[in-house]
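Novice: Here is my input; please provide its structure:
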Amino acid sequence: MNDVSAAQPVYADAPRWPIRYLLFVGGMGGLLYGIDIGIIAGALPYLEATATASWHLTTQQLGFVVAAVLLGSVLSSLFAGMVADLIGRRGAMFLAGLLFTASIPVMALSDGYAALLMGRLLQGISGGLIGVVVPLYLAEVLSPERRGRGAAMFQLLLTVGLVLAAVIGLYHAHSVDAAAAAVRHLPGEEQQRLLFDVKDHAWRTIFWSCLLPGLVFTAGVLLISESPRWLVRRGRVDAARRALQRTVAAAEVEPTLQRMQAPEAVRSRGTGARDPLLSRRYVWPFVLACLVLAFTQATGINSVLAYAVNILNQAGLPGAVANWADVAIKLLNAVMTVVALVLVDRKGRKFLLMLGSGGITVALLAAALLFVQSERGRLDVQPLLQQQVAGSTLSLPLDAAQWQRLEGGAAAGPQQLTVSYAYGGFSNVRALRSDNPIDATLEIRRNDAVSDDSVIGAFFRRLHLNPFPDPAQAAQAPLVIERAMIGPVPSPTHGWLVASCILLFVAFFAVGPGVCVWLALSELMPTRIRSNGMSIALLINQFVSTVIAAIFLPTVGHHGYASMFFFWASCTLLYFLIAAFWLPETKGKSLEQIEANFR
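Specialist: Here you go, the predicted structure:
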């Protein structure tokens, strides 16, 4: 088997435009994946400003809206390999494009929490399919010499999607700031009503702007050929030959076809085709791929990108300045991915993963220490706020005199107040700033924190299997102010230092895990389990990402931003050790050679 797979075809005379086109389509899949992750960052401040008032969304529900894309990815990742085996790689990519396109009007026209959550879930389901099927397709179609470039192209367009999402958010940030300046002379209630309408229109338009890329990807998939390896496994050798003619030099079509058939013939004569996923010959590459994907998300990358504007606002960068920094982060991500595109097939996957994870650890530790410095001097005003509770509500006007009473009258600059509260098992977090005209009142009501069970939740509660808090008990529970901290808003200098740490983090991520994670996903998995194994590995990847995104707002509300950055740094240090001591180098090897080495 090693002798057969060792001989590599010559691709110098391969048709250029078909290969470039399939790289473009694969890259467009990465673009949609990037938009999936990044578009919520620009929309979230306006969604939070309007939906919390009109729909009574809690912080936890906002967290679910952010995490819904990741949750949808988890759900679809579980079945993506089966779908790709059933209808083909091309068919699965087309299905992903349809789901993404359908999700846009559902989100943009939503009139409540359920519709918005459903649209985000659809977008996530499409992202999960793309995350499994596009790297799988590129790995099976491209030669070893181009496989790294194909994965890097997927990641490059993913970063372009993040940049596009950030630019859209920046444009609307300027529009909202301009509208706020135009209505500043109006009376308070009218000013707030007009700003509410502007912000409501802003987040809906941000979602509408994602429609065109979805249509381009969906239409583009119709013009690519199916994976020859999938066709060979289905016994459609003539169709595989026609597909190879579009990507391989004419003289190499038959030899390449024979190499694809040889491993299948070997397995069909033995018992390998009946081996389970976790048999001894598969378990080590499978576990390695799962570890790489899990720790890639445990760096916190998706949460940093999704909450970038919120993080930078808390660090001290105001309004549109934070959006500008967010655009700079996404642009640097794209630029460093181009660097990775050059290095990945020269320096190898192992070297880049060690370099990237080591740099990420340093950047996260620096950001954590900066937040420790800014959070250290805050005052605990929990007893004062608890005294203001009347029945089950708290309504506290936050005029200049009230801010001075809360912070002791010593500070001269703007202040920020973070309040964590609970009704029984339901908790919520509110963050307010003295220089934000919208934060004129601290209003806490039961329906802002307590939400009824869904139909599914009510079913499981009747079976005593629902692990979430009981709304019936929370309906009678008193309001408890768990934590209330007030302190000065950090200086813009502090904000730019945190932004620099995040820029460093993103640069090292783009060079290392950003590109290599897709290669690990597709290269480490043996042929027998590749599609289903990739699904499970990406499922673990998205599960970790979903959990981190869902707990982000409650965690930083209760324990501060430093705690999350320290946690991410610890996980990334473990990532570095795995890359240094366990991960093999796969540069320049065919998929069959990699499998033979593990065997």
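
Novice: Now do the lengthiest helix in the chain: which elements does it pack against?
Specialist: Identified as the longest helix of the chain according to DSSP state H is helix 59-108. Packing partners of helix 59-108 (3 or more CB pairs under 8 Å, 6 or more residues apart in numbering; DSSP states H and E): helix 16-54, helix 113-141, helix 188-208, helix 211-221, helix 228-233, strand 426-433, helix 530-559. From N, CA and C alone the C-beta is placed, and that goes for glycine too.

Novice: Lowest average pLDDT across these?
Specialist: Among the helices and strands packed on helix 59-108, helix 530-559 carries the lowest mean pLDDT, a mean of 75.

Novice: Compute the inter-axis angle for it and helix 59-108.
Specialist: 130 degrees (axes from the mean of the first three to the mean of the last three CA atoms, to 10 degrees).

Novice: And helix 530-559, how far out from the chain middle?
Specialist: 9 Å (CA atoms, centre = their mean, to the nearest Å).

Novice: Show the subsequent helix or strand relative to it.
Specialist: Counting by DSSP states H and E, the element after helix 530-559 in chain order, helix or strand, is helix 561-581.

Novice: helices and strands around that next one, which ones?
Specialist: When contacts are defined as 3+ CB pairs under 8 Å, 6+ apart, helix 561-581 packs onto helix 280-298, helix 308-315, helix 349-375, helix 530-559.

Novice: what comes up buried for that helix?
Specialist: Neighbour-count burial for helix 561-581 flags 561-569, 571-573, 575-576, 578-579 (criterion: 16 or more other CB atoms under 10 Å).

Novice: Need the CA coordinates for that helix. PDB is fine.
Specialist: Output in PDB follows, covering the C-alpha atoms of helix 561-581 (Å, rounded to 0.1, in the frame of the first residue of the first chain):
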ATOM      1  CA  TYR A 561     -13.100  39.800  32.100                       C
ATOM      2  CA  ALA A 562      -9.700  38.800  33.600                       C
ATOM      3  CA  SER A 563     -11.100  35.400  34.600                       C
ATOM      4  CA  MET A 564     -12.100  34.500  31.100                       C
ATOM      5  CA  PHE A 565      -8.700  35.500  29.700                       C
ATOM      6  CA  PHE A 566      -6.800  33.500  32.300                       C
ATOM      7  CA  PHE A 567      -9.000  30.400  31.500                       C
ATOM      8  CA  TRP A 568      -8.300  30.800  27.700                       C
ATOM      9  CA  ALA A 569      -4.500  31.200  28.400                       C
ATOM     10  CA  SER A 570      -4.400  28.000  30.500                       C
ATOM     11  CA  CYS A 571      -6.200  26.000  27.700                       C
ATOM     12  CA  THR A 572      -3.800  27.400  25.000                       C
ATOM     13  CA  LEU A 573      -0.800  26.300  27.100                       C
ATOM     14  CA  LEU A 574      -2.100  22.800  27.000                       C
ATOM     15  CA  TYR A 575      -2.600  23.200  23.200                       C
ATOM     16  CA  PHE A 576       1.100  24.100  22.800                       C
ATOM     17  CA  LEU A 577       2.200  21.000  24.700                       C
ATOM     18  CA  ILE A 578      -0.100  18.700  22.500                       C
ATOM     19  CA  ALA A 579       1.400  20.300  19.300                       C
ATOM     20  CA  ALA A 580       4.900  20.000  20.600                       C
ATOM     21  CA  PHE A 581       4.900  16.400  21.800                       C
END
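
Novice: Output the lowest mean pLDDT helix or strand found in this structure.
Specialist: Taking mean pLDDT, DSSP states H and E as the measure, the chain has helix 2-6 as its least confident helix or strand, at a mean of 39.

Novice: ok, Cys564 - contacts?
Specialist: Slight slip there: residue 564 is Met, not Cys. Gly300, Ser303, Phe552, Thr555, Val556 (CB atoms under 8 Å, 6 or more residues apart in numbering).

Novice: ugh, wrong one, I meant Leu129
Specialist: Neighbours of Leu129 in contact, by CB under 8 Å, 6+ apart: Ser76, Ala80, Val83, Ala92, Met93, Leu95, Ala96, Leu99.
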